Structure formats: C-alpha cells, structure tokens
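*Asks:* got a sequence here, can you build the structure:
(chains A and B)
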There are 2 protein chains.
Amino acid sequence: MTLGASPLSTVLEQFRSSNPTPGGGSAAALAGALGASLLAMVASLPRPRAASDIDLQRLQDAGERTASLAKDLERLIDRDAEAYDLVVNAYRLPKSTDEEKAVRTDRIQAALRVAIDTPMDVMRACAAALDESETVGTLGNANASSDVKVGIELLRAGLRGAQLNVEINLGSVKDRAYADDVVREMQRLSA
Amino acid sequence: MTLGASPLSTVLEQFRSSNPTPGGGSAAALAGALGASLLAMVASLPRPRAASDIDLQRLQDAGERTASLAKDLERLIDRDAEAYDLVVNAYRLPKSTDEEKAVRTDRIQAALRVAIDTPMDVMRACAAALDESETVGTLGNANASSDVKVGIELLRAGLRGAQLNVEINLGSVKDRAYADDVVREMQRLSA
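*Replies:* Numbers count the residues shown, from 1 in each chain, chains lettered A, B, ... in the order given. Sure, this is the predicted structure:
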C-alpha cells in the first residue's frame, strides 16, 4: 500500500519505525505537499483581497499551480522511499568477480541518480510553490495570512530537507559533470 | 473521522480544500509529528554510535520521548481544527441584547484560550523533541545523520508555525496577565 493510501496515523508510525524508509526524503516531500496545500487553500478561500479581474485570475492561477505541485509532492513521498530501496539493493549485489563488480558499480550509479533526482524534484516543486506565495499572500483572504506564513515555513523545510538528501548521495556519484550540474541547480533553487 | 484515521491523500486534499480547517495550526502540528517521528526512527536504528551502557540508555530514552511527543503532536492536529471551530462558533453567537453580548464575549474569550493553548502545546512538544535531537544526532546510527537534520528542520517549522497561530489569537485576548504569560513562554520556547 502506498503511503498516500495509508491512514495518517499509520504513515507517522512508519516514519517512527526502525525501518529506514520512509525517511527524511519522504518527510521533506510530505512537508512540501502540506505547505503547497495550505497555499492552494488560501487561494481558494472566499473574500480574497484580489478585486480586479486580472488579480482574481492571478490568484486562481496560483491556486491551481500550488494544488498541482502539492499532488506532485505527494507522489514524491513514495518515490523517495523507492529510490532509497534501489540504492540499498544495488549495494547488496554480489562483488566476487570483476564482471559482478562492474554490474554492481553500474547499478549503484544508476540508483544514486534516482536517489538524487527524486529530492531534486522535491526541491523544484517546493521552490515553484514558494514562487506563488507572494501572489497568494497579497491577493488571498486577509484572515488567512498566518496560513500563508505556515505554508512558507513548511515549503522551506521541505526544500532544505530535500537538499540534505541530495547532498548525502552526491558524494558517491562518479559522473562529476552530472554532479556539478546538480550542485549548480541546487544552489539556484535554495537561493 | 479524525485526520489521523483518514488516508494521507485525503488529509492533504482537506488541507487544500476551501474549508479553513484543517489550516496552518494543524499543519504545524503535523510537521512537528513528522519531525519527532524521524528522531524516534533514528534512535531505534541498529548500529548506533552509542557504545557504553549509559549512552545506549540515553539514546533509548531519547527515542521513547520523541516517539511519545510524536503521538502527542498527532493528537494536536485534530485538536487545532476543533479549537478553530470553537472560536468561529463563538463569534457567530447572537449579540442583540446585553445579556447575549456578555455570553458571547465570555464564549469568545474561552474559545481563544483553547485556540492559544493548542498551538502552545505544539510549541512545547516541538521544543521538547528538539531538546532530544543532539542525543539522537550524536549517539544514533551515523548513516542517518540527514534524517536527524530533516527532523530538526521539520520541528523548527512546526514550532514557528504554531507560534504564528498563537500570535494571531493573542491580540483578541482581554486577560492581559494571561497574554503576558503566553508571550513570555513563547519567547522562551522559540529561543
């Protein structure tokens, strides 16, 4: 059963359990999904501050984007746990012969890419939702300003949490051109 | 149905919906529950760095405390939504006569206390879990150091998110002695 389909109590229990997954990467995606959802909620509340048709449209667009990003982030909760398992399974491959060693190295490198690309997607989605926060905060219902601020806190925690998960995997990557690209994009997203 | 008993997808959908609850207060409690759960997970992983009996016991105690705080925070997710409804319902009471006005004022003030005490409990639980993070980070399995860091990020976001929810309600409180006590404790907890 996916984490999305599991009762929230069970999901939290699984985060607490002595299984390494779900771990910090999935938690970061979930924090981002929560933050983006709060922004989407505020964008859809009645009595927005947006008054002109153009501003109402901007607010509605921001609401649709944050709702869509929240759904992307929700999918990344499970994907991060799967990526972790890929890496662990690759490290467990046999390494007795040269051929086995070569296969194992390839598998580890491929798995590391998935384990990096997944939290990178979390960072991208959190950053994209943060880009909408000013529109929602300025044009949404004034009584929900604390919800916008909590949403921002959660998206930032999601972004930083995902970054920590990119960084731990990056050290083991052999393709330095790829690693350099990741570092550059990561710096841009966390700025 | 409580949020804890609902599938995670449904919970996120409810955060996204145009209903004001669950809102930022519940989201802050959930972020805290996630953060405390990650610390509890790291404390229970095999191969801890703790070697002496005393350190192993310290790590186990930290694990039990963070697991228990995570459960407290989980309950606060629903309690925050209930507190919000109390305040809204109190404001909707009739205010045509002096007697109605007096009853309404009393109910609003009582509801505001619940709407302040609930995120204060979230702040207390997040701060208490953060107090355990050094023990878990120093003595827990070294491979899970990023999980500890993500846990800290989430607990801080939960603490700050809860503080925002205390602050928005504090302005309407008439009992200034109570409000001053809350501000003092809030400053201590967020330090």
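*Asks:* pLDDT weak spots in chain A?
*Replies:* Nowhere does chain A drop to pLDDT under 70.
*Asks:* nearest residue to the middle of it?
*Replies:* Closest to where the C-alpha atoms of chain A average out (C-alpha atoms, centre = their mean) is residue A:122, at 2.3 Å.
*Asks:* in this structure that one contacts residue A:25, no?
*Replies:* Yes: using C-beta atoms under 8 Å, residue A:122 is in contact with residue A:25, at 7.4 Å. C-beta here means a position set from N, CA and C on the backbone, and glycine is covered the same way.
*Asks:* quick revisit: ok, the residue nearest to the centre of chain A - contacts?
*Replies:* A:25, A:28, A:29, A:32, A:73, A:76, A:80, A:158, A:159, A:161, A:162, A:165 (C-beta atoms under 8 Å, 6 or more residues apart in numbering or on different chains).
*Asks:* so what's the gap between the helix or strand hosting residue A:125 and the chain middle?
*Replies:* Here residue A:125 sits within helix A:98-139, counting by DSSP states H and E. Distance of helix A:98-139 from the chain centroid (C-alpha atoms, centre = their mean, to the nearest Å) equals 8 Å.
*Asks:* so where do the helices sit in chain A?
*Replies:* Using DSSP state H, the helices of chain A run over residues A:8-16, A:24-44, A:53-91, A:98-139, A:145-170, A:176-190.
*Asks:* tell me what the fifth one is packed against?
*Replies:* Spelled out, that is helix A:145-170. helix A:24-44, helix A:53-91, helix A:98-139, helix A:176-190, helix B:24-44, helix B:145-170 (3 or more C-beta pairs under 8 Å, 6 or more residues apart in numbering or on different chains; DSSP states H and E).
*Asks:* out of those helices, which gets nearest to residue B:179?
*Replies:* For these, the distance to residue B:179 is smallest for helix B:145-170, at 5.6 Å, taking C-beta to C-beta.
*Asks:* quick one on the thing from earlier: of the contacts of residue A:122, which is the nearest to chain B?
*Replies:* Distance to chain B across these (C-beta to the nearest C-beta) is lowest for residue A:161, with 4.0 Å.
*Asks:* contact partners for the closest one?
*Replies:* Here residue A:161 is in contact with A:24, A:25, A:27, A:28, A:31, A:122, B:149, B:150, B:153, B:154 (C-beta under 8 Å, 6+ apart).
*Asks:* okay if I get those as TSV plus distance to residue A:4?
*Replies:* As requested, the contacts of residue A:161 are exported to TSV (distance: C-beta to C-beta, whole Å):
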residue	distance to residue A:4
A:24	18
A:25	15
A:27	14
A:28	16
A:31	15
A:122	15
B:149	25
B:150	19
B:153	22
B:154	19
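*Asks:* tell me how far stretch A:156-171 lies from the chain's centre.
*Replies:* 9 Å.
*Asks:* ok, stretch A:86-93 next?
*Replies:* That offset, for stretch A:86-93, works out to 23 Å (C-alpha atoms, centre = their mean).
*Asks:* that stretch: which residues count as buried?
*Replies:* A:86, A:87, A:90 (16 or more other C-beta atoms under 10 Å in any protein chain shown).
*Asks:* stretch A:2-22 too?
*Replies:* For stretch A:2-22, by 16+ other C-beta under 10 Å, it's A:2-4, A:6-17, A:20-22.
*Asks:* and for stretch A:182-191?
*Replies:* So stretch A:182-191, judged by 16+ other C-beta under 10 Å, has buried residues A:182, A:186, A:189.
*Asks:* so the last one touches residue A:119, yeah?
*Replies:* No: applying C-beta under 8 Å as the test, residue A:189 and residue A:119 come out as separate, 10.7 Å apart.
*Asks:* overlap of the contact sets of those two?
*Replies:* With C-beta under 8 Å, 6+ apart, residue A:189 and residue A:119 have common neighbours residue A:163.
*Asks:* nearest residue to residue A:58 other than its sequence neighbours?
*Replies:* Distance criterion C-beta to C-beta, 6 or more residues apart in numbering or on different chains; nearest residue to residue A:58, sequence neighbours excluded, is residue A:135 at 5.7 Å.
*Asks:* wait, that neighbour sits on residue A:62?
*Replies:* Yes: under the criterion of C-beta under 8 Å, residue A:135 makes contact with residue A:62 at 4.3 Å.
*Asks:* quick check: the farthest pair among the contacts of residue A:161?
*Replies:* The widest separation within the contacts of residue A:161 (C-beta to C-beta) is 14.9 Å, between A:122 and B:149.
*Asks:* for residue A:15, give its distance to chain B.
*Replies:* 4 Å (C-beta to the nearest C-beta, to the nearest Å).
*Asks:* if you could redo that for residue A:188, that was the one I meant.
*Replies:* Using C-beta to the nearest C-beta, residue A:188 is found at 20 Å from chain B.
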